[in-house]
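[1] Output the structure for:
(one chain, ligands or ions: 1)
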Amino acid sequence: MRRPKVLLTGTPGVGKTTLGKELAARAGLVYVNVGDLAKEGELYEGFDEEYGCPILDEDRVIDELEDKMNEGGVIIDYHGCDFFPERWFHIVFVLRTENSVLYDRLESRGYKGKKLQDNIQCEIFQTLYEEAMSSYREEIVHQLPSNTPEDLERNLDQIMQWIEQWMKDNN
Ligand code: DAT
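    So this is what the prediction gives:
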């Protein structure tokens, strides 16, 4: 049976993990958090002094994920998307959050100063949306509002419907 491959992307704090885990549970798909995967496997290639965080080794992340991606039935969660092979994904969702809401979420996560400002700017400049639009066919890239619990429920319903339709069309 063919199963879909879904990418959830967007600025840190927009709700990718929350949506991705619940979606995986409801749809019976595998959820992969690329940040966690990199941490577990130490898939890094240096350290960013400015941000005080390790730099992702994109090639090793791709090697690590290749088998899972060949199987399908995967939800990938990451705040970047231009280094994944284009052929990997059937659909890409970019979650979007209003600045003031995102500010509060990131602040309560302990972000402050430059890191907080840069992430808010990333959302204002819709950096991830543009990255997704330039990395994948525009027809498969969709923005979803992610401000409230109602948004979360609606997004879950919508993506579940899409998954069911995809399964019918492809099996
Ligand atoms: P990300 O994985 O994009 O960094 P997250 O899933 O960890 O984001 O969510 C960040 C915080 O926001 C977390 O406390 C849960 C909350 N949250 C996520 N989606 C939400 C929504 N639609 N409505 C209200 N709160 C939400």
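
[2] Run through the residues of the protein sitting next to the ligand.
    The interface of the chain toward the ligand, taken as C-beta under 6 Å from any ligand atom, is made up of 10, 12-18, 105, 146-149, 151-152. Any C-beta I mention is one placed from the backbone N, CA and C, and that applies to glycine too.

[3] From these, pick the one nearest residue 88.
    Of all the residues of the chain next to the ligand, the one with the least separation from residue 88 (C-beta to C-beta) is residue 16, at 16.4 Å.

[4] Hmm, that closest one is touching residue 97, no?
    No. At 10.5 Å, residue 16 and residue 97 do not qualify as touching, with contact defined as C-beta atoms under 8 Å.

[5] List of residues touching stretch 116-128?
    The set of residues that contact stretch 116-128 without belonging to it, under C-beta atoms under 8 Å, 6 or more residues apart in numbering, is 9-14, 51, 79-81, 94, 96-97, 99, 102-103, 106-107, 111.

[6] Just the C-alpha atoms of that stretch, please, in CSV.
    These are the backbone C-alpha positions of stretch 116-128, laid out as CSV (Å, rounded to 0.1, in the frame of the first residue of the first chain):
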residue,chain,number,x,y,z
LEU,A,116,13.7,35.8,20.0
GLN,A,117,13.8,38.8,17.7
ASP,A,118,15.3,36.8,14.8
ASN,A,119,12.6,34.2,15.0
ILE,A,120,9.8,36.8,15.1
GLN,A,121,11.4,38.4,12.0
CYS,A,122,11.6,35.1,10.3
GLU,A,123,7.8,34.8,10.7
ILE,A,124,7.2,38.5,9.7
PHE,A,125,9.2,38.0,6.5
GLN,A,126,7.5,34.7,5.8
THR,A,127,10.9,33.2,5.3
LEU,A,128,9.8,29.5,5.6
